[in-house]
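>>> what would the 3D arrangement of this be:
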Amino acid sequence: MAFAASLADLHTEASCPVCLDYLKDPVTIDCGHNFCRSCIHQCWVDLQDIFPCPVCLQQCSNGSLKRNTQLCNMTDIVKQLPTTRSKRKWQEEKPLCEKHNQTMALFCAKDLELLCPQCRISSNHQDHHLMPIEQAATSHRRKLKSYIEPLRKQVLDAENGLEMAVSKLVELKHKVESQKSELLSEFQQITHFLVKDQEAIQVRLLNEEKDVLKNLIENKIQISDHTCTLKSLLNEITEKCVHADWDLLTGVGSIHKKYELLQNPAVFSYALEREHCSLPPQYFGLQNMISIFQVNLILDPETAHPDLIISEDRKTMMYKMMDPNCPHNLSEFNVYPSALSSEGFDSGRHFWQVEVRGRGDWSLGVCKESFPRNAITLPSPNNGCWQIQLWASKFATCQSVNLSRIGVFLDYELGEVSFYSLNNRSHLYTSTVTSVEKLIPYFSIGPFTNFLSISIVRNE
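Numbering: from 1, shown residues only. Below is the predicted model:
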């Protein structure tokens with residue numbers, strides 16, 4: 001009995017763990033296990049950075065193989081020895097059919113099931129395509145391995161989606177805090193009118209934040225769970241691909257089904273509702289004026305003084321000293337650094353906003369279409385220009401301020417142009433306009449100013 005057991009062990013050692021047949025061109029991998037060269041190649045085909053041993057699943061560096069000449073010679077000797085394996089013993093090493101107690105050597109391509117020869121003639125599989133398990137294993141191993149790269153990409157996409165979901169959480173916090181800061185700035189100027197409105201708006205904003213935050217957190221959990229599912233399926237397929245044929249094919253249908261039913265959760269998007277403070281009664285007119293009469297102006301480069309730089313979008317102008325010998329256009333200002341809007345008005349009511357950045361002298365308003373552009377005298381109502389001036393107006397208290405926002409309202413029929421400080425929502429000055437011709441928005445920067453810009457802006 002001991003001799004028979006030893007002989008059986010010797011036959012086992014000379015057999016390949018994958019095909020269970022005698023080793024053919026045996027090779028040894030890093031962990032010390034031996035395989036047929038063709039069998040281990042088949043297990044590792046298409047793998048790039050993961051080379052697990054089919055027996056112990058230890059990772060083998062670079063998939064290196066060492067030919068085992070001594071084991072090859074020993075296998076040739078063992079083949080000459082008498083075998084003690086009975087047919088029954090050989091069958092016990094392979095999975096047996098539960099119905100017919102026979103070795104399962106076939107695979108049904110339609111039902112994705114292992115079959116024995118007796119199953120082949122059963123009514124359930126008579127019209128189905130059957131193939132040897134070796135051929136089926138090769139086909140399904142190739143198909144399973146084709147899932148690896150798409151799954152890796154889906155894992156990467158899911159991780160990117162998760163990162164995007166996290167960034168949206170931060171973005172949400174930033175936007176909410178930004179809106180809170182803006183609202184608080186306005187509330188501080190008119191606190192005694194807005195206590196109740198402030199509380200109501202903050203409650204709405206916080207409730208909206210909670211709702212969006214809840215959806216974002218749920219979306220984050222969905223993407224995180226989906227990422228775990230993808231990684232789990234990827235690991236399951238990777239391990240499955242290195243199993244023996246019958247182990248690989250057992251339950252392979254459920255893996256296909258999992259892969260085919262994968263659905264990537266969409267990243268939740270949101271649009272935070274813009275909140276505005278409710279202005280007290282004396283502020284309603286200005287707010288309505290902005291929303292109803294606001295116009296979208298652009299600067300006319302043809303009218304700009306040579307020392308002015310007009311931005312590409314024609315919304316901003318800055319002062320920069322140019323070559324005094326530079327030729328002048330007859331339509332441009334050549335005395336004071338000024339520019340006009342591309343559009344003028346000969347009727348109706350119109351409102352526009354101007355943002356002044358930096359320090360220095362500036363003025364803005366409206367002028368007649370016939371206003372002289374090469375006059376040496378200062379622009380004034382006498383020569384057809386109505387403006388608010390930093391250096392002449394008692395309202396111009398922002399000389400030490402780096403940012404000022406001014407609103408200009410022209411009522412052509414009433415013959416008035418009014419100026420408002422949008423920093424504190426206050427009325428600055430109203431001038432009576434006496435003109436029957438077209439009026440054009442006017443902008444000017446002082447000749448001794450550095451790093452000052454005037455921009456036409458718009459409330460969205």
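>>> hang on, residue 286 packs against residue 421?
No. Counting by CB atoms under 8 Å, residue 286 does not reach residue 421; the two are 10.3 Å apart. All C-beta atoms are positioned from the backbone trio N, CA, C, and that covers glycine.
>>> which residues of the stretch 201-350 of the chain score low on pLDDT?
Residue ranges of the stretch 201-350 of the chain with pLDDT under 70: 275-284, 321-334.
>>> where do the helices sit along it?
Ranges of helices in the stretch 201-350 of the chain, per DSSP state H, counting those that start in this stretch, are 245-249, 252-260, 281-293.
>>> need the overlap of contacts for residue 286 and residue 421.
residue 407 (CB atoms under 8 Å, 6 or more residues apart in numbering).
>>> count the neighbours of residue 19 for me.
Neighbours of residue 19 under the rule other CB atoms under 10 Å: 17.
>>> try residue 347
8.
>>> what sits against it?
412, 413.
>>> same thing with residue 420?
Taking CB under 8 Å, 6+ apart as the test, what residue 420 contacts is 286, 406, 407, 408, 409, 426, 427, 428.
>>> isn't residue 262 right next to residue 154, touching?
Yes. Judged on CB under 8 Å, residue 262 makes contact with residue 154 at a distance of 7.0 Å.
>>> show me which of these two is the more surrounded one.
residue 154 (21 against 14).
>>> now the closest residue to the more buried one other than its chain neighbours: how far from residue 26?
Spatial nearest neighbour of residue 154, excluding adjacent residues (CB to CB, 6 or more residues apart in numbering): residue 230 at 5.3 Å. Note on residue 230: its distance to residue 26, by CB to CB, to the nearest Å, is 37 Å.
>>> so if I had to pick from these two, which one is more boxed in?
residue 26 (25 against 22).
>>> that older thread, could the contacts of residue 420 go into CSV alongside distance to residue 36 and neighbour count?
CSV is the format used below for those (distance: CB to CB, whole Å; neighbours: other CB atoms under 10 Å):
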residue, distance to residue 36, neighbour count
286, 88, 19
406, 86, 23
407, 86, 21
408, 88, 22
409, 90, 21
426, 91, 13
427, 94, 15
428, 93, 16
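>>> strands - which of these land there?
Secondary structure defined by DSSP state E assigns 406, 407, 408, 409, 426, 427, 428 of the contacts of residue 420 to strands.
>>> so which one among those residues has the lowest pLDDT?
Ranked by pLDDT, the ones in strands among the contacts of residue 420 bottom out at residue 426, which has 81.
>>> from residue 315, how far out is that one?
The gap separating residue 426 from residue 315 is 25 Å, by CB to CB.
>>> what do you get for residue 6?
Residue 6 is 94 Å from residue 315, by CB to CB.
>>> looking at these two, which is more packed in?
Each of residue 6 and residue 315 has its neighbours counted (other CB under 10 Å); residue 315 has more, 17 against 11.
>>> who's in contact with that one?
The contact partners of residue 315, taken as CB under 8 Å, 6+ apart, are 298, 299, 455, 456, 457.
>>> contacting residues around the residue nearest to residue 154?
151, 154, 155, 158, 262.
>>> how confident is the prediction for the first one, by pLDDT?
What it means is residue 151. We have a pLDDT of 91 for residue 151.
>>> hang on, it in a helix?
Yes. Counting by DSSP: H, G, I helix; E, B strand; the rest coil, residue 151 is found in a helix.
>>> excluding sequence neighbours, find me the nearest residue to it.
Spatial nearest neighbour of residue 151, chain neighbours left out: residue 234 (4.6 Å); criterion: CB to CB, 6+ apart.
>>> is it true that the one you found touches residue 153?
No. With contact defined as CB under 8 Å, residue 234 does not reach residue 153; the gap is 10.7 Å.
>>> between these two, which one's more packed in?
Per other CB under 10 Å, whichever of residue 234 and residue 153 has more neighbours is residue 234, with 18 against 11.
>>> residues contacting the residue most central in space within the chain?
The chain has residue 164 as the residue nearest its centroid, 5.4 Å off, counting by CA atoms, centre = their mean. Applying CB under 8 Å, 6+ apart, we find residue 164 in contact with residue 267.
>>> again, but for residue 249
Going by CB under 8 Å, 6+ apart, residue 249 touches 107, 112, 114, 133, 136, 137, 140.
>>> thinking the fifth one is in contact with residue 105, fair?
No. The pair formed by residue 136 and residue 105 falls short of the contact definition of CB under 8 Å, at 10.4 Å.
>>> which of those two has more residues huddled nearby?
Neighbour comparison, residue 136 and residue 105: the larger count goes to residue 136, with 23 against 18 (by other CB under 10 Å).
>>> now the spatially closest residue to the more buried one that is not a sequence neighbour, what's its secondary structure?
Spatial nearest neighbour of residue 136, chain neighbours left out: residue 107 (3.6 Å); criterion: CB to CB, 6+ apart. When classified by three-state DSSP, residue 107 comes out as strand.
>>> which ones are touching residue 107?
Residue 107 touches 113, 114, 115, 130, 131, 132, 133, 135, 136, 137, 249, counting by CB under 8 Å, 6+ apart.
>>> great, nothing more from me.
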